[in-house]
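Visitor: got a structure for you, letters missing:
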């Protein structure tokens, strides 16, 4: 599995995906995309190639591999304080407070939740508090309920990836176009 990231407008996400699929799988041009009944994109002509996309605040992230995956990236920015209690379960909230109650910690947990939902194809159909994820800091990986997770991050951004395949998640995100990630 590979993870590529770049800076750019949201519209560039599919160009980044096209570059990744050409480099890793020799697929060019970008194959026709379809969506499952729950909205998860896939490649009908290449069902063994799995991918996922995310974008936030000028940051783009895409991943591809031979197993289902979900990815999420978020530009860290302050939000309403009520959001923290709304999205975190009681145990996640306790961990969040223990870690210092910083927005970066909330975004780490949020990206893990989104990556899980995107991996399973369920989307955000459950209340965010009900979406269980391991309590991870950037650079760490963990398992929960048959899924493998990894958290990534730097100054001003957080990201996560999820897959059912043990050992499939890369330690690092490959930043394209000579861009060095913040932090």
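Guide: All right, it came through fine. If you're wondering where the values come from, they're calculated on a predicted model, not measured in any experiment.

Visitor: going forward, measure contacts and count neighbours with C-alpha atoms only.
Guide: OK.

Visitor: And the helices in the protein?
Guide: With DSSP state H, the ranges of helices along the chain come out as 13-25, 82-87, 90-98, 103-120.

Visitor: what's near enough to touch residue 61?
Guide: Contact analysis of residue 61 by Cα atoms under 8 Å, 6 or more residues apart in numbering lists 3-6, 13, 53-55, 71-73.

Visitor: Need the winner for burial among the helices of the chain.
Guide: Of all the helices of the chain, helix 103-120 carries the top mean neighbour count, a mean of 24, counting by mean count of other Cα atoms under 10 Å.

Visitor: what about the strands in this protein?
Guide: For the chain, the strands defined by DSSP state E occupy 2-7, 34-35, 41-42, 50-56, 59-65, 70-75, 141-144, 147-154, 157-163, 174-175.

Visitor: As TSV, the ones you listed with distance to residue 89 and mean pLDDT would be great.
Guide: Converted to TSV, these look like this (distance: least, Cα to Cα, whole Å; pLDDT from 0 to 100):
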stretch	distance to residue 89	mean pLDDT
strand 2-7	28	94
strand 34-35	30	94
strand 41-42	29	93
strand 50-56	24	96
strand 59-65	26	96
strand 70-75	20	97
strand 141-144	15	98
strand 147-154	18	97
strand 157-163	18	98
strand 174-175	32	93
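
Visitor: out of those, which comes closest to residue 123?
Guide: Shortest distance between residue 123 and those, using Cα to Cα, is found for strand 70-75: 10.1 Å.

Visitor: residue contacts, the closest residue to residue 29 other than its chain neighbours?
Guide: Once flanking residues are discounted, residue 29 sits nearest to residue 18: 7.0 Å by Cα to Cα, 6 or more residues apart in numbering. Neighbour list for residue 18: 27-30 [criterion: Cα under 8 Å, 6+ apart].

Visitor: top of these by neighbour count?
Guide: Neighbour counts for the contacts of residue 18 (other Cα atoms under 10 Å) peak at residue 30, which has 16 neighbours.

Visitor: Hmm, residue 21 and that residue touching each other?
Guide: Yes - between residue 30 and residue 21 a contact is recorded at 7.4 Å, counting by Cα atoms under 8 Å.

Visitor: quick revisit: now the helices of the chain in CSV, please, with extra columns for mean pLDDT and distance to residue 171.
Guide: Output for the helices of the chain, formatted as CSV (pLDDT from 0 to 100; distance: least, Cα to Cα, whole Å):
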stretch, mean pLDDT, distance to residue 171
helix 13-25, 94, 17
helix 82-87, 96, 27
helix 90-98, 98, 23
helix 103-120, 97, 15
